[in-house]
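Novice: pasting a predicted model and its sequence here:
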Amino acid sequence: MERDPSGIDNDRAFLRRIEDDQAVLAVGPSRTPLRVDVADLPGGATPGTWVVVDTQQSPPMVLSVDRAMTDQRDDPPD
């Protein structure tokens with residue numbers, strides 16, 4: 001798992017859907033909802049993909065698409 005300069009692991013989030021100009025993410029094991037501007041998503045991030053999120057930033061920052069997690073998922077998390 002990628003780490004930020006503080007040594008803290010970045011979280012993974014599932015991109016559930018896009019509503020207007022907001023992406024709705026489910027973050028971490030508890031699937032905490034998080035909304036971010038679509039403009040702040042990395043290239044290739046579409047509903048159904050997993051992304052790497054730095055939740056230590058304020059506001060949280062979506063860093064990249066996690067291709068490995070996206071490719072191994074057959075069904076979205078609840």
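Specialist: Alright, I've got the coordinates.
Novice: next SSE downstream of the longest strand seen in the chain?
Specialist: For the chain, the longest strand by residue count, based on DSSP state E, is strand 11-19. Using DSSP states H and E, the helix or strand that follows strand 11-19 in sequence is strand 22-27.
Novice: just checking: what are the partner strands of that next one?
Specialist: strand 11-19 (antiparallel), strand 32-37 (antiparallel) (DSSP bridges).
Novice: between strand 22-27 and the helix or strand where Val52 lies, find me the angle.
Specialist: Using DSSP H and E, Val52 maps to strand 50-54. If you take axes from the mean of the first three to the mean of the last three Cα atoms, to 10 degrees, strand 50-54 sits at 80 degrees to strand 22-27.
Novice: what does strand 50-54 contact?
Specialist: 2, 4, 10-15, 25, 27, 34, 41-42, 45, 60-66, 69-70, 73 (Cβ atoms under 8 Å, 6 or more residues apart in numbering). (Each C-beta comes from the backbone N, C-alpha and C, glycine too.)
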